[in-house]
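In: quick one: sequence plus predicted model below, questions after.
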Amino acid sequence: MPEAPAGTLYRGREGMWSWVAHRVTGFLIFFFLLVHVLDTSLVRVSPEAYNAVIGTYKNPIMGLGEAGLVAAVVYHALNGVRVMLVDFWSRGTRYQRQMTWIVVALFVILMAGFLPVHLGNVFGGE
Amino acid sequence: MAASTPTLAAPRSPRRARRPNTELYSWVFMRASGALLLILIFVHLFTNLVSGGGVSAIDFGFVAGKWAKPVWQVWDLLILWLAMIHGANGLRTIINDYATRTGTRLTLMGLLAVAFAVVVVLGTLVIFTFSPCPPGAPADLLPSFCTAG
Amino acid sequence: MTATATSPDTSAAEVPTFDVTLRIRRFDPDAKAPVPYWQEFTVTAHGTDRVLDAMHKVKWELDGSLTFRRSCAHGVCGSDAMRINGVNRLACKTLLKDLAPHKPIVIEPIKGLTVVKDLVVDMDPFFASFREVMPFLITSGNTPSRERLQSPEQRARFDDTTKCILCAACTTSCPVFWTDGQYFGPAAIVNAHRFIFDSRDEGATQRLEVLNDSEGVWRCRTTFNCTDACPRGIEVTKAIAEVKRAMITRAI
Amino acid sequence: MQTHNYDVVIVGAGGAGMRAALESSARARTAVLSKLYPTRSHTGAAQGGMCAALANVEEDNWEWHTFDTVKGGDYLVDQDAAEVMAKEAIDAVLDLEKMGLPFNRTPEGRIDQRRFGGHTRNHGEAAVRRACYAADRTGHMILQTLYQQCVKNEVEFYNEFYVLDILLDSDLTAAEQPAAGAPVRVAGVVAYELATGEIHLFRATSVVLATGGAGKVFKTTSNAHTLTGDGMALALRAGLPLEDMEFFQFHPTGLAGLGILLSEAARGEGAILRNSEGERFMERYAPTIKDLAPRDIVARSMANEVREGRGCGPRKDYVLLDLTHLEPAHIEAKLPDITEFARTYLGIEPFTDPIPVYPTAHYAMGGVPTTIQAEVLRSNTDVVGGLFAAGEVACVSVHGSNRLGTNSLLDINVFGKRAGISAAAYAAEHEALELPEGPATRVVAELDRIRNAPDGEKVAELRQTLQETMDAHAQVFRTEESLTLALETVDDLRRRYRSIGVQDKGSTFNTDLLEAVELGFLLDLARVVVVGALARKESRGGHFREDFPKRDDDGFMYHTMAYARPAADGDTEITLDKKPVTVTRYQPMERKY
Ligand SMILES: Cc1cc2nc3c(=O)[nH]c(=O)nc-3n(C[C@H](O)[C@H](O)[C@H](O)COP(=O)(O)OP(=O)(O)OC[C@H]3O[C@@H](n4cnc5c(N)ncnc54)[C@H](O)[C@@H]3O)c2cc1C
Ligand code: HEM
Ligand code: SF4
Ligand code: F3S
Ligand code: FES
């Protein structure tokens, strides 16, 4: 069958995009958590094994990845609060748009506080 | 006759629960666990990544040092369980949304269940059976209190 | 939007005409190998013309086979929900001048329902979900001889959701509905809400039962596309949240 | 070709059709055929209210209501029918409330009522609060509520089915008519399924016509694109008469240039009409009830202001509806939709600016003549067995020559209910007839002709000419000259229509084809309107002849009955007959407000 040209992307607004981001971050965190539990389990095997693996984490690339993870968690958490306000606060639905922007603002502030410390640790901490 | 309007609280019909409330509980759980995780994870991240020396300071000694205190054992165990249930439940929703074919859905759900079980069991065992000073390990890798005794 | 920019004198004055290009997603089921395709039409429009007027121009002057539903032409019958420049709207309630008409206006059928022809979709699944939530007053006991009493406050409680015209703009804007056609969708929930919060109704439990289904309200991820799309300005997500809360109160 | 068998077939799923369906489906096997999804019907556009002398907020009774209806209709109302309607109004409203209709409420919790044009206390003393309403969405709520009840009662719908022929057991289109008193019965209908292009035969003992109005005969109209008078035209083509078609109501307050309606409820809530000098001109035309005078009077007054140069805007072609002195909160609560129309379509903020308005074609007072049991008449006295009609398509003549606001939503409920009961009762007492030979031949031939016409006339062009002609020559003001002109144009268009063609040749959802069919209906009806208007050399209600500006009770106190009869050239011609007006208690008087 011939392939049809695709329809366009739905041009949703803040509500839709914040949900997309929430879903993507939730998904990412879950897979990080899998890996994280697995590697931490190595403490049970032996300190050497654990330190070896953790050691490989201590390169700048992993450091950046870690920053990404923190970003994901921070966004997911903040937006999670927004979602709960939408769900339980009687006026939450009316202010959801404003709350999205507050989430974004808080996210930026928190990351601005965290990133310098973290990156400092990653790149200068040896 | 003075007319007055009756006030009945909504919803106004006899309670007759037939359908199981699974989706309802799962939805409530997502919010409750989310709220708890918020505190648990932020403290976890803060202690691990910010205070002290950040990631670069994490090693066996650091972990063992933390888990020697029951508070942190319970703390991390809670994170493990809540996050895994929360995340797995979230993934279940995602799978339901995108995997329209029953076959695909069942496969993915199976994978999810296995991953969930392995990680939760493994993680729990590690936290509980963990010994901070495994015999025979080089002392410089262990937390300082191992040698103090 | 433009409402504040125009004063009565200018709006009724000779309004400028301008050319608009409509980029329409077409589908002809009677073709030999039916595939959707894009087609552009350019027509001359007047200042106060709606998208529907431009589409009529195309149908009446350029291509009679262009197919879409419409009836009232002023946003009260719910026939002509379609995706205009990426979002669901009623063609008869969208003014061309509000759409940056110097660029082609992209028109597609609403998403998630089977396309029958051009912009016409099969509405049956949509109405089936509507029917499933028991969208009618349920009472017990004898019918009173006069009207049932209801205070203005009680009446106001569900006013918002009585405005629904079943246009499906909300349901077909919902990301969950696109991928999971089984989901009841916001429109059905809106119409359940209309009765659950009507002080005269006694069928709330049955309706909440229905919506407690795995394809019911819990499927909603509060993406607000429905609220943004509703041409009647119904706070759809709010109604859904209220139904969710009613269920939780009932369960506990 | 599929054949379906039912006891009752209802054509149209607007207010009248669904009200009938609720009654008949409880008593007989019923199908409802509608060219639109039921909730798309134009009843949903009705705004202002539905009146009944509930006396919830002030003293009122059904007798006053009857009088207002008769007087509002300029005494051309059949008074027995008006009495039935006014009396049954109360139950009609209460029925709807019990079905769940969310009426606005009084502080005591009762159905609230408001003022409306022409509704008065004690035979014209002062305006009375009689219109029951749900904000300015009364029709929407009625349509939704009736549909909800149909869902509850599992009424069987055939949606997007166009009924294109009514099948009778005798040929009434011939010059030779069955004798007076001879039984003529309905056998069923022929329908076209839009989704597939298939023809369906519906064999039924009773058929109810509820196809609504024909506003699309005019260009500026409050009516939907789909209100093309199908039922009326089908009846006419089947040889049945149409009654009082020259009476068309022009609603005073349509959005200027667009025709979108702003309910009379606006004036009921206190809005005022002003001309370019800011004058409240209705004080001159109707000193007692001013802006709340019946629609024909207000529309004519507005048109007159414009004609005499007191119109507003750059072309001085409209007047203004002023709400600016009202509380914004009050407007928002009582008239949310119409203020939004002004904002959306004209970019006007009604709280601060007056709204440009001009009369818009709104309501067909005439239609398929029926008795008060909703039976369709084939002459002044004989009914067609099993054929019923209700709603705007019908003319029981409760509206006479001018309908009062809110009386139509009432009409569809009262006579819709009666039609449903009558149809089920008839079906219980009779066996269905066999369908006549080749039941769909006529329809199929017509569709094929249109579909296969090579390079035919264009639907849009003909329709536009028709509508512009009717607006120019058969609107609020009419004369011998203008009407003659209109008739010539309509006749010419009917000739051109014979070679009508369409571009879409497909079978799925061919709206191109159906628009061509609908145009045929409009042309037939326009001819009846104009012929009737030419013959009525007086002014009464919605029909105003500048060359005969006075009502003439001696010459014209009768209903016009128009028949399409075979003409020498193979086409049909309209022949007119008279039907007496039923008068019970109100003798015609001069109509002053
Ligand atoms: C804007 C507006 C405001 C109004 N406000 C008021 C008001 O405030 N108060 C009041 O009393 N009245 C009001 N009216 C008048 C009143 O609403 C209408 O007269 C009334 O609703 C007509 O109802 P109906 O059931 O006869 O027809 P409709 O509701 O028009 O229904 C017609 C039905 O017939 C079907 N149909 C038509 N042709 C065919 C066919 N060929 N085959 C199959 N089905 C067919 C259609 O699909 C539709 O379902 C208003 C009218 C308008 C236009
Ligand atoms: C940090 C605190 C957290 C908060 C406040 C939080 C909050 C939430 C909330 C409220 C939801 C429900 C969203 C909805 O129903 O629309 C949700 C969904 C989800 N969360 Fe979290 N969460 C947190 C941490 C986590 C973690 C650690 C993971 C991964 C293991 C995770 C993975 C998910 C996933 C996969 C979803 C489903 C997303 C979807 O269905 O779109 N969350 N979260
Ligand atoms: S809720 Fe709004 S968008 Fe949804 S069907 Fe009703 S009117 Fe349309
Ligand atoms: S778009 Fe869908 S996800 Fe919920 S808020 Fe609306 S129903
Ligand atoms: S045509 Fe009726 S809503 Fe647009």
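Out: Yes, it's here. Ligands and ions are numbered 1, 2, ... in the order given.
In: switch to C-alpha atoms for all contacts and neighbour counts from now on
Out: OK.
In: go through the longest helix seen in chain A and flag the buried ones.
Out: Counting residues, the longest helix found in chain A (DSSP state H) is helix A:14-45. Judged by neighbour count (16 or more other Cα atoms under 10 Å in any protein chain shown), helix A:14-45 contains these buried residues: A:14-19, A:22-23, A:25-30, A:33-34, A:37-44.
In: give me the distance from that helix to the chain's centre.
Out: Its chain's C-alpha centre and that of helix A:14-45 lie 7 Å apart, by Cα atoms, centre = their mean, to the nearest Å.
In: so is it next to ligand 4?
Out: No: between helix A:14-45 and ligand 4, judged by Cα under 6 Å from any ligand atom, nothing touches; the nearest distance is 7.8 Å.
In: state the mean pLDDT of that helix.
Out: For helix A:14-45, the mean per-residue pLDDT is 90.
In: helix or strand next in line after that helix, which one?
Out: Downstream of helix A:14-45, the next assigned helix or strand under DSSP states H and E is helix A:47-57.
In: residue B:70: neighbour count?
Out: When neighbours are counted by other Cα atoms under 10 Å in any protein chain shown, residue B:70 registers 11.
In: ignore what I typed, I meant residue D:94.
Out: That count, for residue D:94 with other Cα under 10 Å as the rule, works out to 20.
In: before we move on, what about residue D:171?
Out: Neighbour number of residue D:171 under other Cα under 10 Å is 14.
In: show the contacting residues for it.
Out: Shown in contact with residue D:171 (Cα atoms under 8 Å, 6 or more residues apart in numbering or on different chains): D:177, D:238-239.
In: again, only this time at 10 Å
Out: With Cα atoms under 10 Å, 6 or more residues apart in numbering or on different chains as the criterion, the residues that contact residue D:171 are D:177-178, D:184, D:238-239.
In: now check stretch C:232-242, is it near ligand 4?
Out: Yes: applying Cα under 6 Å from any ligand atom, one finds that stretch C:232-242 is in contact with ligand 4 at residue C:237.
In: could I have that stretch exported to CSV, CA atoms only?
Out: Extracted in CSV, the C-alpha atoms of stretch C:232-242 (Å, rounded to 0.1, in the frame of the first residue of the first chain):
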residue,chain,number,x,y,z
ARG,C,232,-18.0,26.2,24.2
GLY,C,233,-15.4,27.3,26.7
ILE,C,234,-16.3,24.4,29.0
GLU,C,235,-13.6,23.8,31.6
VAL,C,236,-13.4,20.1,30.6
THR,C,237,-10.4,19.1,32.7
LYS,C,238,-11.9,20.7,35.7
ALA,C,239,-15.1,18.7,35.2
ILE,C,240,-13.0,15.5,34.9
ALA,C,241,-11.1,16.4,38.1
GLU,C,242,-14.4,16.9,39.9
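In: quick one: average pLDDT of that stretch?
Out: Stretch C:232-242 comes out at a mean pLDDT of 97.
In: what do you get for stretch D:15-24?
Out: 98.
In: and it, how far out from the chain's middle?
Out: Relative to its chain's centre, stretch D:15-24 lies at 17 Å (Cα atoms, centre = their mean).
In: that one close to ligand 1?
Out: Yes: on the criterion Cα under 6 Å from any ligand atom, stretch D:15-24 is in touch with ligand 1 at D:15-17.
In: doesn't residue D:249 belong to a strand?
Out: Yes: per DSSP: H, G, I helix; E, B strand; the rest coil, residue D:249 lies within a strand segment.
In: what's the burial count for it?
Out: Residue D:249: 27 surrounding residues under other Cα under 10 Å.
In: surely it touches residue D:408?
Out: No: contact criterion Cα atoms under 10 Å: residue D:249 and residue D:408 do not qualify, at 11.9 Å.
In: between the two, what contacts are shared?
Out: Here residue D:249 and residue D:408 have D:363, D:365 as joint contacts, going by Cα under 10 Å, 6+ apart.
In: show me the helices in chain B, by range?
Out: With DSSP H as the criterion, chain B has helices at B:22-45, B:60-67, B:70-98, B:102-129, B:144-148.
In: the residue of chain C found nearest ligand 2 and chain A, how far apart?
Out: Taking Cα to the nearest ligand atom, ligand 2 has its nearest neighbour within chain C at residue C:221, 4.0 Å off. Distance check for residue C:221 against chain A: by Cα to the nearest Cα, to the nearest Å, it reads 7 Å.
In: then that residue would be within a helix, right?
Out: No: Residue C:221: not assigned to a helix; according to three-state DSSP it is coil.
In: contact partners for it?
Out: Counted by Cα under 10 Å, 6+ apart, residue C:221 has contacts A:15-16, A:19, A:23, A:83, B:93, C:174-176, C:237.
In: mind listing what the residue nearest the centre of chain A touches?
Out: The residue lying closest to the centre of chain A (Cα atoms, centre = their mean) is residue A:72, at 0.7 Å. The contact partners of residue A:72, by Cα under 10 Å, 6+ apart, come to A:21-22, A:24-29, A:66, A:78, A:107.
In: same list, those, but as CSV with distance to residue C:207 please.
Out: Converted to CSV, these look like this (distance: Cα to Cα, whole Å):
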residue, distance to residue C:207
A:21, 32
A:22, 30
A:24, 33
A:25, 34
A:26, 32
A:27, 33
A:28, 37
A:29, 36
A:66, 47
A:78, 33
A:107, 40
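In: give the buried residues for stretch C:154-163.
Out: C:154-155, C:158-163.
In: that one close to ligand 3?
Out: No: using Cα under 6 Å from any ligand atom, stretch C:154-163 stays clear of ligand 3, coming no nearer than 6.6 Å.
In: where in chain A is pLDDT low?
Out: The model of chain A has pLDDT under 70 over residues A:1-6, A:124-126.
In: and it, which residues reach chain C?
Out: In this structure, chain A approaches chain C at residues A:1-20, A:23, A:83, A:86-94, A:96-97, judged by Cα under 10 Å from any Cα of the partner chain.
In: ok, back up a step: pick the one among the contacts of residue A:72 closest to residue C:87.
Out: residue A:21 (19.5 Å; Cα to Cα).
In: tell me which residues touch that closest one, please.
Out: A:27, A:72, A:75-76, A:79.
In: out of the residues you listed, which is nearest to residue C:227?
Out: Distances from residue C:227 to the contacts of residue A:21, taken by Cα to Cα, are shortest for residue A:79, at 18.9 Å.
In: ranking the helices of chain B by burial, who's on top?
Out: Compared across the helices of chain B, helix B:60-67 shows the largest average neighbour count, a mean of 20 (mean count of other Cα atoms under 10 Å in any protein chain shown).
In: starting at the chain centroid, how far to that one?
Out: Using Cα atoms, centre = their mean, the offset of helix B:60-67 from its chain centre is 20 Å.
In: hang on, the earlier thing: near ligand 2, from the contacts of residue A:72?
Out: When Cα under 6 Å from any ligand atom is applied, the members of the contacts of residue A:72 adjacent to ligand 2 are A:26-27, A:29.
In: let me know the closest of these to chain D.
Out: Chain D lies nearest to residue A:26 out of those, by Cα to the nearest Cα, at 40.8 Å.
In: contacting residues for the residue of chain B found nearest ligand 5?
Out: Nearest residue of chain B to ligand 5 (Cα to the nearest ligand atom) works out as residue B:97 at 30.4 Å. Shown in contact with residue B:97 (Cα under 10 Å, 6+ apart): B:91, B:105, C:175-181, C:183, C:219.
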